[in-house]
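**Student:** show me the folded form of this:
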Amino acid sequence: MAVDSTRGLIFAVREDHTTGAPEAVNTIVALDVDGKREPITVASGNDFYSTPKVSPDGRRLVWQAWNHPNMPWDGAEIWVGELDAAGRPTSKRKVAGGAEEAVQQPTWSPNGELYFVSDRSDWWNLYRARSEGDEPVAHRAAEFGAPQWAFGQRFFDFHGPDELICIFSDQSGSKLARVDLDSGGVEVIRLLYTSLAGVQVSGDKVAVFASSGLLAERVLILDLDTKAEEIVRTANPAHVDSGYLSIARAIEFPTEGGKTAHAVYYPPRNKDYEAPDGERPPLVVHCHGGPTGSGGPTYAFQYQYWTSRGFALVDVNYGGSTGYGRAYRQRLNGNWGVVDVDDCVNAATYLVEQGLVDPDRISITGGSAGGFTVLLSLTKRDFYAAGASHYGIGDLEMFVKETHKFESRYCDRLLGPYPERADIYRDRSAIHFADRMSAPVILFQGLEDRIVPPNQAETFVAACREKKLPYAYVPFEGEQHGFRQDKKIRRSTEGELYFLSRIFGFEPADKTEPVEIENFGHGVGERI
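**Tutor:** Okay, here's the model as predicted:
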């Protein structure tokens, strides 16, 4: 929301479920702070809106809009409306963006100039809107933005009218920088952190979320003059000796079509143990969600669980992931369930060829869209020894019929329009190929999940049961899409370790509650 104290208004995104339309209707409205006047509709007609902001002189309002079938990182627009004394729009015009250009975070500078982020150069870079044409600000092959999964993401803010404080990321991680708006010069502020988000400036201080491979995420305040740092709050206050923490490193590996793909590799590390000579560690291949997400060199506490117990882990930024430009992000268009599956296999193959992992003990794991890749990898490839799906998508047709408005047309680009290309949806749904399972699978599912409802996991379980395929199913009462209760998170992690201990044939050092593996004496289980 944006507060207009002069007029006594709040500009906000409204979602209306009362119109009788097939989907909720989104608009930008001006609300009277005293509730005495009816809301004013400022912008309507687009499927989605975000980021309303009033100019410093109060005469203009900027906002972002986009339409089905685009997600905001596919194509979006920035509009500016002129406001009268009552806050009603007298005119409006598009100033940036389009169906094939993803713009985000329109922001007024202190002197009333409009800045925004656009991927028109392939990378999400900063621009300044000018009547004679937009001007790039500090152009470089790095990302000054990220997918707009939620409102309020901030990648830059102003330190006075002549300087901008921003976050940008490349393969080495995130960086905080000062940008001179007159010269375009960039000064990187050196910090011990590799993951930064949510930058906000107040006076001569800047606040960010910050983390690294050895430092848990925290709210960090930096004094721009003295460079003094203040830690306000840490997300995970537990102290872990660095001798138990794996140091991540970015890798680049060959994949299909003569291309290269990216991942973050975590070798096993525990200062108290060494593997026997010549033994290579088992590998967990992690698929991030989204699928337009990414993995990075952060304080991945859940990954350290595996690496401290002798596993290697690779977090695969398969084609379609964020952080490598628009062209890399678009590799997944029409190819979800192909490119991601190929890149995960090729990441593991690369590590095997480097002599870093055991080729016979490779598991694949992921949640949501990552779980989709897991299930498809286990049914269409004979490569992995085991897999774990956390609230994963098993049936794409059920997903597009039952999911919420924001993602209801997400698959149009990733696969094709539905139902016109129902053949693709069926071909990329692991549920239809359960009889081709090449390895045992464990499924974790929240029973209140409205994004990927439990019936998807249960349908897959039924198929496994009918085909007598080895599987384990762990449903969680009171959990939604992404587990939030500490007991359930622990249960899913320890349950996955227990499952792999049975498949890979080792006794875990941890005392863990067993999970029941159905059909383990049949079919695939006999081969293992």
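**Student:** per-residue pLDDT, H522?
**Tutor:** We have a pLDDT of 50 for H522.
**Student:** so what's the residue count around R93?
**Tutor:** 8 (other C-beta atoms under 10 Å). Yep, even glycine has a C-beta here, placed from its N, CA and C like the rest.
**Student:** all the helices of this protein, residue numbers only.
**Tutor:** 301-307, 326-329, 339-353, 369-380, 396-402, 410-414, 422-427, 454-467, 486-504, 524-527 (DSSP state H).
**Student:** just checking, what packs against the fourth one?
**Tutor:** Other helices and strands packing on helix 369-380, by 3 or more C-beta pairs under 8 Å, 6 or more residues apart in numbering; DSSP states H and E, are strand 283-287, helix 339-353, strand 362-367, strand 386-390, strand 441-446.
**Student:** going by neighbour count, which residues in the longest one are buried?
**Tutor:** Buried residues in helix 339-353, defined by neighbour count with 16 or more other C-beta atoms under 10 Å: 339-352.
**Student:** alpha carbons of that helix, as PDB, please.
**Tutor:** The C-alpha trace of helix 339-353 is given here as PDB (Å, rounded to 0.1, in the frame of the first residue of the first chain):
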ATOM      1  CA  VAL A 339      15.200 -29.200 -19.300                       C
ATOM      2  CA  ASP A 340      15.000 -29.500 -15.500                       C
ATOM      3  CA  VAL A 341      15.200 -33.300 -15.600                       C
ATOM      4  CA  ASP A 342      18.100 -33.200 -18.000                       C
ATOM      5  CA  ASP A 343      20.100 -30.600 -16.000                       C
ATOM      6  CA  CYS A 344      19.700 -32.500 -12.700                       C
ATOM      7  CA  VAL A 345      21.000 -35.700 -14.300                       C
ATOM      8  CA  ASN A 346      23.800 -33.800 -16.000                       C
ATOM      9  CA  ALA A 347      24.800 -32.100 -12.700                       C
ATOM     10  CA  ALA A 348      25.100 -35.400 -11.000                       C
ATOM     11  CA  THR A 349      26.900 -36.900 -14.000                       C
ATOM     12  CA  TYR A 350      29.400 -34.100 -13.900                       C
ATOM     13  CA  LEU A 351      30.200 -34.700 -10.200                       C
ATOM     14  CA  VAL A 352      30.500 -38.400 -10.900                       C
ATOM     15  CA  GLU A 353      33.000 -37.700 -13.700                       C
END
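**Student:** gap between it and the chain center?
**Tutor:** 20 Å (C-alpha atoms, centre = their mean, to the nearest Å).
**Student:** picking that back up, in a markdown table: the buried residues of helix 339-353, plus pLDDT and distance to R491.
**Tutor:** As requested, the buried residues of helix 339-353 are exported to a markdown table (pLDDT from 0 to 100; distance: C-beta to C-beta, whole Å):
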| residue | pLDDT | distance to R491 |
| --- | --- | --- |
| V339 | 98 | 32 |
| D340 | 98 | 27 |
| V341 | 98 | 28 |
| D342 | 98 | 32 |
| D343 | 98 | 30 |
| C344 | 98 | 25 |
| V345 | 98 | 29 |
| N346 | 98 | 32 |
| A347 | 98 | 28 |
| A348 | 98 | 27 |
| T349 | 98 | 32 |
| Y350 | 98 | 32 |
| L351 | 98 | 29 |
| V352 | 98 | 31 |
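**Student:** dump those to a markdown table, plus distance to R218.
**Tutor:** Listed next are these as a markdown table, based on distance: C-beta to C-beta, whole Å:
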| residue | distance to R218 |
| --- | --- |
| V339 | 35 |
| D340 | 32 |
| V341 | 36 |
| D342 | 37 |
| D343 | 32 |
| C344 | 31 |
| V345 | 36 |
| N346 | 35 |
| A347 | 30 |
| A348 | 33 |
| T349 | 37 |
| Y350 | 33 |
| L351 | 31 |
| V352 | 37 |
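**Student:** enumerate every residue touching the closest residue to C411 other than its chain neighbours.
**Tutor:** In space, C411 comes closest to V400 once its chain neighbours are excluded; the distance is 5.5 Å by C-beta to C-beta, 6 or more residues apart in numbering. Shown in contact with V400 (C-beta atoms under 8 Å, 6 or more residues apart in numbering): S408, C411, Y418, Y425.
**Student:** repeat that for 10 Å
**Tutor:** 393, 407-412, 415, 417-419, 422, 425 (C-beta atoms under 10 Å, 6 or more residues apart in numbering).
**Student:** out of the residues you listed, which is most surrounded?
**Tutor:** I393 (32 neighbours).
**Student:** just to check, that one is in contact with D340?
**Tutor:** No. Under the contact definition of C-beta atoms under 10 Å, I393 does not touch D340, with a separation of 11.9 Å.
**Student:** joint contacts of those two?
**Tutor:** Counting by C-beta under 10 Å, 6+ apart, the shared contacts of I393 and D340 are P291, A369, G370, F372, T373, L376.
**Student:** if I look at the spatially closest residue to the second one that is not a sequence neighbour, how far off is Y127?
**Tutor:** Among residues not flanking A369 along the chain, P291 sits closest, at 4.1 Å (C-beta to C-beta, 6+ apart). P291 sits at a distance of 27 Å from Y127 (criterion: C-beta to C-beta, to the nearest Å).
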